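S.K.: please find the sequence and the predicted model below.
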Amino acid sequence: MCSPGLAEIKDVVAANKETAMTEQPVRVRFAPSPTGYLHVGSARTALFNWLYARQKGGVFLLRIEDTDRQRSTKESIDAIFDGLRWLGLDWDEAPRYQSEHMETHRKAAQTMLELGVAYRDFSSDDEAETRRAADRKEGRVYRAAKMRALSAAESKRRAVAGEPFVLRFKVPAGGGSASFVDGVYGPLSRSFDEIEDFALLRSDGTPVYMLSVVCDDYEMRVTLVLRGQDHLTNTYKQILIYEALGWPIPNFAHLPLILAPDRSKLSKRKHGEVVSVGAYRDRGLLAAAFRNFIALLGWSPGDDREIMTVDELIAAFSIGGINKSNAVFNFDPADPKKWTDPKAIWMNGHYLSNMPLDALLPLVKSELGQAGLWDDRFEREDARQFAEIVALIRARFYSTKDFVTLGRPYFTEDFGIDPEAARKNLGEIAMPDLLDALANHLETASSFDLPTAESLVRGVAAVAGFKAGVVINGARTALTGQAVGPSMFHLMIALGRDRCVSRLRRCANRLRDERARATA
RNA sequence: GGUCCCUUCGUCUAGUGGCCCAGGACGCCAGCCUCUCACGUUGGUAGCACGGGUUCGACUCCCGUAGGGACCGCCA
């Protein structure tokens, strides 16, 4: 039960150094800490890791950094899983929960203490605070000189006596630097003098993030750490730990950040739902479109392609194609049409209009279901008509929510008439008669197809002495309650003869009623 | 404050010394199409942060300035 001797540890360290990192299969990880939602920046990090793994035939791992117990609720963790699943980012092994490995991390710290690369800092909070302030003022980095100088025996004696301490990494003194080659930023190095003696273990003995990441990445045999640029300066400290323990150092590549229009880091606190992946799902964005959009934030395939399938993204992805500068997420909270980046909205509309209809229908079904507009006939006897309607209206929609808002009249008889549309298109005094006439002709026509519909409408207009547009626009509003929409003749065919006739008559009667009431 | 990183149209970006008086996309504007609104299409608007070098030649290399960002926690 005794801890291994120093010589033994050194042997292990030396042996570890022999293990080359190169020829191994690619293993990358996404390591979010649960915050209650999946941040778009995190989503992008996950996506890039996933793309890399899939392209290299490697493994994409998930690690939940749940050592902050308060925030790590089940809901919080599920939000991450849900977001990833929605985006189609599947992981290859069971997720690793950081909190379950604290004991291992603590042992690594213990090893560093025994190797003499870590020391116990018995400074009180106040002392440390004062010291840190002074250091900063003089441009020095935190280094508890007195504590560093404590003899091993003295240090141990005080620890055994129960004096609280935080275990710190003993950053090498007397020159030298930590360096690595970043996949995105190139060769980077930092003088040891600029690296503070960071904490490894808290005074309650629990491991600090900096230690846990290294231990977990080591144990998960991660070959490339691809993460946000906010971790760039942490990398030096982590490398120090790898080296101290003699662990093989993975490759690193850091992603530029995603900023808000005010150039600050995107945060839910400051910027609201626009940072949360869940909001995109809830607002009717398509996962494929959103994925495509965030792939282009800070990365480009190197050519002019923008609309890319997942397979194309996988094939085209490269660390070299990642940009160095931060990307600005261009949205305007004051403008509902720009609740998120307009390009994302545009791209979603593009996907909506161009994706295979069969792939869209289930999504529309789901939307209609949630809105209480779904009718089982839509996938039975009326399936064909349903598909035609969706195909007809999707061209002018930007989100799947549009199917239940703007699209409502296409799926139910229970829809209102937009007052503005009525004012614009139904004001003509003869309108009730025109609509009735059209209804009558439609009802008795020997056939019902596109040319027939068009000639009937134009015929009614001509006979009554109106321009065709008057009847066309009036009928559109009568049929859908809206002033805008698809080609009126296509609309009639999609709706079907019976519904056209009844809606036209219903509208005509309503107009007469309104006028009667107005004059009474 | 210290250290480090970044800087091409409003935004996302291509560009790795001559192919660039800078290309694509979104947005915006206009024409076309047209029964409305979209879509589509055609065209337009708009950018190499600034100043010095290096070079026959600089968006591309170097140095400075300015601006932005990250980190500097017993948070992750």
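M.R.: Good, I have the coordinates.

S.K.: enumerate the residues of the stretch 1-150 of chain A near RNA strand B.
M.R.: A:33, A:65-68, A:98, A:123-125, A:128, A:132, A:136, A:139, A:141-142 (Cβ under 7 Å from any atom of the strand). Placement of C-beta: from N, CA and C, glycine included.

S.K.: repeat the analysis, applying 10 Å as the threshold.
M.R.: A:31-35, A:44, A:63-72, A:98-99, A:102, A:121-129, A:131-133, A:135-142, A:144 (Cβ under 10 Å from any atom of the strand).

S.K.: restrict those to the buried ones and give me that as a ChimeraX selection.
M.R.: Entered in ChimeraX, the line below selects the buried ones among these, by 16 or more other Cβ atoms under 10 Å:
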select /A:31,32,33,34,35,44,63,64,65,66,67,72,98,102,121,122,123,128,131,132,141,142,144
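
S.K.: so which residues of chain A form strands?
M.R.: Remark: strands assigned in chain A by DSSP state E are A:27-30, A:59-64, A:96-97, A:118-121, A:166-169, A:177-182, A:186-191, A:199-201, A:224-228, A:251-255, A:258-259, A:327-328.

S.K.: residue A:343 against residue A:330, yeah?
M.R.: Yes: assessed by Cβ atoms under 8 Å, residue A:343 is found in contact with residue A:330 at 7.4 Å.

S.K.: quick one: contacts for residue A:500?
M.R.: Listed by Cβ atoms under 8 Å, 6 or more residues apart in numbering, the contact set of residue A:500 reads A:439, A:442, A:479, A:492.

S.K.: and of those residues, the nearest to RNA strand B?
M.R.: residue A:492 (9.6 Å; Cβ to the nearest atom of the strand).

S.K.: nearest residue to that closest one other than its sequence neighbours?
M.R.: Distances taken as Cβ to Cβ, 6 or more residues apart in numbering put residue A:453 closest to residue A:492, at 4.6 Å, once the chain neighbours are dropped.

S.K.: for burial, what's the neighbour tally of the one you found?
M.R.: Number of residues near residue A:453 (other Cβ atoms under 10 Å) recorded here: 24.

S.K.: in the stretch 251-400 of chain A, which residue sits closest to RNA strand B?
M.R.: Counting by Cβ to the nearest atom of the strand, the stretch 251-400 of chain A gets nearest RNA strand B through residue A:325, at 2.9 Å.

S.K.: is it true that that residue touches residue A:256?
M.R.: Yes: assessed by Cβ under 8 Å, residue A:325 is found in contact with residue A:256 at 5.7 Å.

S.K.: list the contacts for the closest residue to residue A:88 other than its chain neighbours?
M.R.: Distances taken as Cβ to Cβ, 6+ apart put residue A:287 closest to residue A:88, at 6.0 Å, once the chain neighbours are dropped. Listed by Cβ under 8 Å, 6+ apart, the contact set of residue A:287 reads A:86-88, A:281.

S.K.: on that earlier part again, residue A:325 and residue A:256: which has the busier surroundings?
M.R.: residue A:256 (19 against 10).

S.K.: distance of the more buried one from residue A:337?
M.R.: Counting by Cβ to Cβ, to the nearest Å, the gap from residue A:256 to residue A:337 is 27 Å.

S.K.: burial check on the nearest residue to residue A:490 once chain neighbours are set aside, number of neighbours?
M.R.: Computed as Cβ to Cβ, 6+ apart, the closest residue to residue A:490 that is not its neighbour in sequence is residue A:392, at 5.8 Å. Using other Cβ under 10 Å, residue A:392 has 19 neighbouring residues.

S.K.: contact partners for residue A:392?
M.R.: A:410, A:486, A:490-491, A:494.

S.K.: and the residues you listed, which of them are in helices?
M.R.: Counting by DSSP state H, the members of these that fall within helices are A:490-491, A:494.

S.K.: please report the distance of residue A:113 from residue A:288.
M.R.: Residue A:113 is 51 Å from residue A:288, by Cβ to Cβ.

S.K.: of those two, who's got more company?
M.R.: Comparing residue A:113 with residue A:288 by neighbour count (other Cβ under 10 Å), the higher total belongs to residue A:113, at 22 against 19.

S.K.: wait, the more buried one sits on residue A:119?
M.R.: Yes: between residue A:113 and residue A:119 there is a contact under Cβ under 8 Å: 7.3 Å.

S.K.: need the residues touching each of the two.
M.R.: residue A:167.

S.K.: longest helix in chain A, by residue count?
M.R.: Assigned via DSSP H, chain A shows its longest helix as helix A:497-519.

S.K.: centre of the chain to that helix, how far?
M.R.: Offset of helix A:497-519 from its chain centre (Cα atoms, centre = their mean, to the nearest Å): 47 Å.

S.K.: again with stretch A:403-415
M.R.: With Cα atoms, centre = their mean, you get 30 Å for stretch A:403-415.

S.K.: so how far is residue A:440 from residue A:71?
M.R.: 67 Å.

S.K.: again, but for residue A:153
M.R.: 107 Å.

S.K.: of those two, who's got more company?
M.R.: Neighbour totals were compared for residue A:153 and residue A:440, and residue A:440 leads with 15 against 8 (other Cβ under 10 Å).

S.K.: re earlier: and which of the contacts of residue A:287 is nearest RNA strand B?
M.R.: Scanning the contacts of residue A:287 for proximity to RNA strand B, where the rule is Cβ to the nearest atom of the strand, the winner is residue A:87, at 17.7 Å.

S.K.: picking up where we left off before, would CSV of the strands of chain A with mean pLDDT and distance to residue A:241 be doable?
M.R.: CSV is the format used below for those (pLDDT from 0 to 100; distance: least, Cβ to Cβ, whole Å):
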stretch, mean pLDDT, distance to residue A:241
strand A:27-30, 97, 17
strand A:59-64, 97, 17
strand A:96-97, 96, 18
strand A:118-121, 95, 9
strand A:166-169, 95, 7
strand A:177-182, 93, 10
strand A:186-191, 92, 14
strand A:199-201, 96, 8
strand A:224-228, 97, 13
strand A:251-255, 96, 13
strand A:258-259, 94, 28
strand A:327-328, 94, 31
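
S.K.: sorry, back to before: of the contacts of residue A:392, closest to RNA strand B?
M.R.: The closest of the contacts of residue A:392 to RNA strand B turns out to be residue A:486 (Cβ to the nearest atom of the strand; 5.5 Å).

S.K.: for residue A:160, see how far away the spatially closest residue to the closest one that is not a sequence neighbour is.
M.R.: Leaving aside its chain neighbours, residue A:486 sits nearest to residue A:392 (5.0 Å; criterion: Cβ to Cβ, 6+ apart). In this view, residue A:392 and residue A:160 are 80 Å apart by Cβ to Cβ.

S.K.: again, but for residue A:43
M.R.: Distance from residue A:43 to residue A:160, counting by Cβ to Cβ: 48 Å.

S.K.: these two - which one has more neighbours?
M.R.: Legend: neighbour count by other Cβ under 10 Å for residue A:43 and residue A:160, higher for residue A:43 (26 against 8).

S.K.: per-residue pLDDT, the more buried one?
M.R.: pLDDT, residue A:43: 97.

S.K.: then residue A:518?
M.R.: On pLDDT, residue A:518 comes in at 82.

S.K.: what's the answer for residue A:2, then?
M.R.: 36.

S.K.: before we move on, what about residue A:11?
M.R.: For residue A:11, pLDDT reads 43.

S.K.: if we can go back for a sec, and the longest helix of chain A, what's buried?
M.R.: By neighbour count on 16+ other Cβ under 10 Å, the buried set for helix A:497-519 is A:497, A:500-501, A:503-505, A:507-508, A:510-511.

S.K.: between those residues, which is closest to residue A:367?
M.R.: residue A:503 (22.6 Å; Cβ to Cβ).

S.K.: thought residue A:478 was touching the closest one, still the case?
M.R.: Yes: in this structure, residue A:503 is within contact of residue A:478 by Cβ under 8 Å, at 6.1 Å.
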